[in-house]
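Chemist: After the sequence you'll find the predicted model.
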Amino acid sequence: MKRDEWDARYAAVELVWSAGPNQFLEIEAAGLPPGRALDVACGEGRNALWLAQQGWQVTAADFSAVAIDKGRARAADLGLDVDFQVADVVAWSPPAQAFDLVIVFYLQLPAADRAAAFAKAAGAVAPGGTLLIVGHDSTNIAEGYGGPQDPAVLYGPEDVTADIAGLDVEKAERVERHVDTADGPRTAIDLLVRAVRPR
Ligand SMILES: C[S@@+](CC[C@H](N)C(=O)[O-])C[C@H]1O[C@@H](n2cnc3c(N)ncnc32)[C@H](O)[C@@H]1O
């Protein structure tokens, strides 16, 4: 989807995504000491706001100005200090090796753009820091539930690990996400990659 399409989607409803954080972030960040965090393609900021509540000093970027405005408003309501920025995460240059945690959740782009965004995200991880990427897996259309239906923007854990040179991969796997729908419970198939930059 293009930037103006995302703006329209974010403008249409109060919250496109959940108010609370993604379940895999809660699990994976649980053991990490809070430091500097970067949320790449943060949307309305559900994960950035949760990280800030856990004591992280958070920068969060998305190219939808509508989403970023919503994130800023929610941060103000919650009394949280998050550095929300409007940026194209395919083309930007985040500070090199500056963040103890970099997250990229459900950024679904064609391969070349995705590779650029993931390489830049990986480059922002500080020595000893962690990169966490979660997305809609390429098997989700046939075997899962919801998410984009265009195979060109789906990927698997092996695609991610190819894009994050310089980091040591700790996890690269498919994971199941429970979804409650009007028709009953469903299971979505995501991918999760966790990697660290050697000290
Ligand atoms: C599925 S949403 C996920 C939002 C958020 N990570 C979350 O999990 O709640 C994908 C987000 O990627 C953003 N996005 C897509 N392409 C982008 C780009 N080139 N630069 C910055 N943000 C982008 C969209 O605006 C949208 O907010």
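Modeler: Structure's in. What do you need? Numbering: from 1, shown residues only.
Chemist: Touching, residue 90 and residue 110? I think so.
Modeler: No: between residue 90 and residue 110 there is no contact under Cβ atoms under 8 Å: 10.1 Å. (Glycine included, C-beta is placed from N, CA and C.)
Chemist: Comparing these two, which shows the higher neighbour count?
Modeler: residue 90 (17 against 11; other Cβ atoms under 10 Å).
Chemist: Could you measure from the residue nearest to residue 6 when sequence neighbours are not counted over to the ligand?
Modeler: Excluding its sequence neighbours, the residue lying closest to residue 6 (Cβ to Cβ, 6 or more residues apart in numbering) is residue 64, at 4.2 Å. For residue 64, the distance to the ligand equals 4 Å [Cβ to the nearest ligand atom, to the nearest Å].
Chemist: Can you name the residues that contact residue 64?
Modeler: 3, 6, 7, 10, 43, 86 (Cβ atoms under 8 Å, 6 or more residues apart in numbering).
Chemist: Without its sequence neighbours, what residue ends up closest to the residue of the chain found nearest the ligand?
Modeler: As assessed by Cβ to the nearest ligand atom, the ligand sits closest to residue 43 within the chain, at 2.8 Å. Leaving aside its sequence neighbours, residue 43 sits nearest to residue 67 (Cβ to Cβ, 6+ apart; 5.2 Å).
Chemist: Then residue 180?
Modeler: residue 186 (7.9 Å).
Chemist: so that neighbour touches residue 179, yeah?
Modeler: Yes: at 4.6 Å, residue 186 counts as touching residue 179 under the criterion of Cβ under 8 Å.
Chemist: can you list residues touching both of these two?
Modeler: Joint contacts of residue 186 and residue 179 (Cβ under 8 Å, 6+ apart) are 145, 146.
Chemist: Identify the bridge partners of the most centrally placed residue in the chain.
Modeler: The residue lying closest to the centre of the chain (Cα atoms, centre = their mean) is residue 105, at 2.0 Å. On the basis of DSSP bridges, residue 105 is bridged to residue 134.
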